[in-house]
Every structure is written in C-alpha cells, then in structure tokens.
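J.: compute the structure for the input listed below.
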Amino acid sequence: MKIFKLLAAFGISQLLFCASISYAQNDGAASVLERYGNLDVERTGPTIDAELAQKYYRRGNTYSNLERYEEAIAEYRKSISADPNSSDAIRNLANTYYFLEMYSEAKPLLARFINLQTSITAALIAAVSTLGELERIDGNYAGSIEYDLRAIELDPLNDSQVHIMANTYNNAGEPDKAISIYRTAIEIMPNNGFLDRSMGRILEQENRLEDALLAYESAAQKNPDSDFYTNLVESTRTRLNR
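T.: So this is what the prediction gives:
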C-alpha cells in the first residue's frame, strides 16, 4: 500500500504509465552514450542534450507501461546521462527502484531529485517524506532528521507522520531528535495540543519535568475544556512541588 501511495504522489499514474510511443532501436546517439553512458562519469564540454534525454525518458515510460522494468531503468539512465538535470527521468528512475524495493539505489536519486526542485509540488513532498523514512529504516538518524523536519514543513496538515517520526527516534534512543520533531511540528501546527502533550511525555521520560509542565500547560491552553489536560498539568505541578 505504501508503494502505491508513493507512486500516486509522484504522479506516476500520469507520467510513468501514460506513454505509448513507438521508436526505432538506433537513433544516431551512440557516440554520446558511449562516452557518457555511465551516470558516474564526469562530464566535460557541451554534453547536455535535452532533446535526446526526453527521447530516452519517453522510452523508459513505455517500458514501464509494459512492466519491463529493467529496460525502463536502462532508458532512464540514458536520459539522465544525456541531461544530468532531467528531473523527470531522475524521479521515475527513483520510483522504479523503489517499486522494485531497491532502496539503496533509490535513495541517492531521491536526494538528487529534491536538490533540483525550485517549487513545492506533490512530487517534492513525497520525495522528501520517502527519503526521510528510508534513512530512518536504515538507522541513519543523522541523515533522516533533516528530511523529516523538512517533510513536516512541506506537509503542515499531516500530524500522523509527526508521531511516527518521533516515536521511531524515541524508541531508537534518540529522544532529542524526537523532541526536535515535536517542536518543529508545534511551530507548524500551533493549534494542535496533542503535539504539546506528546512532547511533554518525552520530556517527562527524560526527567525534564519543568519543561514537561510547560508543554502540558500549552496543551491545556489549547484545549481549555479538556479535563485530561487540566489533570495532567495539576499532577505534574504536584510532582514538582514535592
């Protein structure tokens, strides 16, 4: 289900599976690809060919439409080789690797796609969120936190992802990162008292009762009719006054 949500968010239903072009096997571009067929090859001189890149990108879409994913990967790589800034090809190559559960191959492409974006789109939001998740799964918390914080800013109505992120960090022994997640979310979603309460729980776990009390008081102020938050504030104050 997660894979298909990702693909939908990336716009694959419009871009990856709608191509139905015909093409020749040889297009006179062999010299370019022989020199620059490897994505890691350093390029020098006038090597960008946007038209050629678009041709290979469309071929990749056609192969993907036929579920011939290995051939689609080859075509997307050729497209990126012809134009290293071809964000559509980079995105679809990342999507294909993700779909095939080749996550280590997908991650650098997601990062590359993100770095090329100049505006906020559904594709960017999905890429940032997915890359943060993949880095968390790999235990690379120093790398994931950057993308997670950005994902919260890009998707300010999605409080579910906030709790998933924070719980992952806290359960992994990274409470400071969990607190950072909640602090960012509270700034983005200032009326959501449950975020304050959740941060207070971690602060209390870390024996930072004064900070926890401030979080609980904030939650109570945002939910003045809630007996739960009122009692939470009172019980925490009692503990501090013992």
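J.: wouldn't residue 69 be in contact with residue 61 here?
T.: No. Counting by C-beta atoms under 8 Å, residue 69 stays clear of residue 61, with 11.8 Å between them. (Each C-beta comes from the backbone N, C-alpha and C, glycine too.)
J.: let me see the domain layout of the protein.
T.: 1-119, 156-242 (automatic domain parsing).
J.: before we move on, back to that, higher neighbour count, residue 69 and residue 61?
T.: Using other C-beta atoms under 10 Å as the criterion, residue 69 and residue 61 rank with residue 61 on top: 25 against 16.
J.: how is the more buried one assigned, secondary-structure-wise?
T.: helix (DSSP: H, G, I helix; E, B strand; the rest coil).
J.: mind starting the numbering at 396 from now?
T.: Right, with 396 as the first residue, what we last looked at is residue 456.
J.: state the distance from it to residue 474.
T.: 10 Å (C-beta to C-beta, to the nearest Å).
J.: now the helices for the protein?
T.: 397-404, 407-410, 425-431, 445-460, 464-477, 482-494, 498-511, 517-532, 536-549, 554-566, 570-583, 588-600, 604-617, 622-636 (DSSP state H).
J.: turn these into JSON lines, including mean pLDDT.
T.: Converted to JSON lines, these look like this (pLDDT from 0 to 100):
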{"stretch": "helix 397-404", "mean pLDDT": "42"}
{"stretch": "helix 407-410", "mean pLDDT": "36"}
{"stretch": "helix 425-431", "mean pLDDT": "42"}
{"stretch": "helix 445-460", "mean pLDDT": "95"}
{"stretch": "helix 464-477", "mean pLDDT": "96"}
{"stretch": "helix 482-494", "mean pLDDT": "97"}
{"stretch": "helix 498-511", "mean pLDDT": "97"}
{"stretch": "helix 517-532", "mean pLDDT": "97"}
{"stretch": "helix 536-549", "mean pLDDT": "98"}
{"stretch": "helix 554-566", "mean pLDDT": "98"}
{"stretch": "helix 570-583", "mean pLDDT": "98"}
{"stretch": "helix 588-600", "mean pLDDT": "97"}
{"stretch": "helix 604-617", "mean pLDDT": "97"}
{"stretch": "helix 622-636", "mean pLDDT": "94"}
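J.: quick one, which of those helices is packed in tightest?
T.: Scoring the helices of the chain by mean neighbour count under mean count of other C-beta atoms under 10 Å gives helix 482-494 as the most buried, with a mean of 24.
J.: tell me the gap between that helix and the middle of its chain.
T.: On the basis of C-alpha atoms, centre = their mean, to the nearest Å, the separation between the geometric centre of helix 482-494 and that of its chain is 13 Å.
J.: and if you look at stretch 614-625?
T.: For stretch 614-625, the distance to the chain centre is 33 Å (C-alpha atoms, centre = their mean).
J.: nothing else from me, thank you.
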